[in-house]
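Asks: fold the following and give me the result.
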Amino acid sequence: MALLKQLSSLRQAHSGSIRALFSAMPATSSKFYDVPEGHANADLSQATCNIGLNRRRDLTLGAAGGIKLTINGKPQKLADLFKGQKTVLFGVPDCGKICSEQHLPGYLKAFDDLRKEGISQIVCVAVSDPAAADAWGKKIGADGSKVLMAADPIQAATRILGMELAEPSEPGPKSLRYAAILDNGVILKMKVDKAPGDCKESSAGSVLKTLQAMIH
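Replies: Numbers count the residues shown, from 1 in each chain. From the prediction side, this is the model:
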């Protein structure tokens, strides 16, 4: 019992010392930690983070290389699709109005200009049933001669890029709107719009300017 009383007295004395120490400290509004300059207001949105995470990633290696997209009714591995090619890969959220009137048509119009900058293939990814993706693409004018329509029905490729927004079975946009410049499967640049309703960063014009800045 005497030992317990002694331990209790020691704890009380220790607590009193700690309280006295903090009460003696001057009041201040400064933090007890420092955030590196430029980090305090850093953009940590999904779009911005994914740009960094995907930079220089090789989509022909490991699990990524084995993922398949359906093109012209046939499953094709990413490793085979991108091998030996300089590719612009862009994803549409839902085959909606902006996708139909701006995003996909923009790449069809910019085909010749993108070829001049060394691009050998343009691939449009839609989280959709293959037949529906093909029908939508052909309706817009993507018959495979300029832009390849690639269906990602189980969202495998979209997920490996971190671009998913909703499950394939759910209504609304399934992915972020994005575009990537790849050389032999390696992502050189990733451009992601912050909202599915935007078509700026991932537009054909934006990608073309990025290519020109990289090459010239």
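
Asks: for this structure, which spans come out with low pLDDT?
Replies: Counting by pLDDT under 70, the low-confidence segments of the chain come to 1-55.

Asks: what segments of it are helices?
Replies: 2-24, 46-54, 62-66, 78-82, 97-98, 104-109, 111-116, 130-140, 156-160, 204-215 (DSSP state H).

Asks: by contact count, what packs against the shortest one?
Replies: The reference is to helix 97-98. Here helix 97-98 touches no other helix or strand, going by 3 or more C-beta pairs under 8 Å, 6 or more residues apart in numbering; DSSP states H and E. For the C-beta atoms, the positions are set from N, CA and C on the backbone; glycine is no exception.

Asks: and the contacts of it?
Replies: Residues outside helix 97-98 that contact it (C-beta atoms under 8 Å, 6 or more residues apart in numbering) are 177, 196-197, 199.

Asks: ok, 10 Å please
Replies: By C-beta atoms under 10 Å, 6 or more residues apart in numbering, the residues outside helix 97-98 that reach it are 92, 104, 177, 193, 196-199.

Asks: could you do the last one as well?
Replies: Residues external to helix 204-215 that are found in contact with it (C-beta under 10 Å, 6+ apart): 86, 88, 90, 102-111, 113-114, 116-119, 122, 147, 179-181, 188-189, 191, 193, 199-201, 203.

Asks: go again using 6 Å as the cut-off
Replies: Helix 204-215 is contacted from outside by 88, 106-107, 110, 113, 117, 179, 189, using C-beta atoms under 6 Å, 6 or more residues apart in numbering.

Asks: do the same with the third one
Replies: By C-beta under 6 Å, 6+ apart, the surrounding residues in contact with helix 62-66 are 77-79, 160.

Asks: any quick PyMOL command for the buried ones out of those residues?
Replies: Here is the PyMOL selection string for the buried members of the contacts of helix 62-66, based on 16 or more other C-beta atoms under 10 Å:
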select buried, resi 78+79+160
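
Asks: would a markdown table of the contacts of helix 62-66 with distance to Ala166 be doable?
Replies: Output for the contacts of helix 62-66, formatted as a markdown table (distance: C-beta to C-beta, whole Å):
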| residue | distance to Ala166 |
| --- | --- |
| Lys77 | 25 |
| Leu78 | 22 |
| Ala79 | 27 |
| Ile160 | 17 |
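
Asks: closest to Val127 out of the contacts of helix 204-215?
Replies: Nearest to Val127 among those, counting by C-beta to C-beta, is Ala179 at 15.6 Å.

Asks: the closest one and Ser203 touch, don't they?
Replies: No. Counting by C-beta atoms under 6 Å, Ala179 stays clear of Ser203, with 7.6 Å between them.

Asks: which one's more surrounded, those two?
Replies: Ala179 (24 against 21; other C-beta atoms under 10 Å).

Asks: tell me, how many residues neighbour the residue lying closest to Asp129 once chain neighbours are set aside?
Replies: For Asp129, the nearest residue in space outside its immediate sequence neighbours is Pro153; the separation is 5.8 Å by C-beta to C-beta, 6 or more residues apart in numbering. If you count neighbours by other C-beta under 10 Å, Pro153 ends up with 16.
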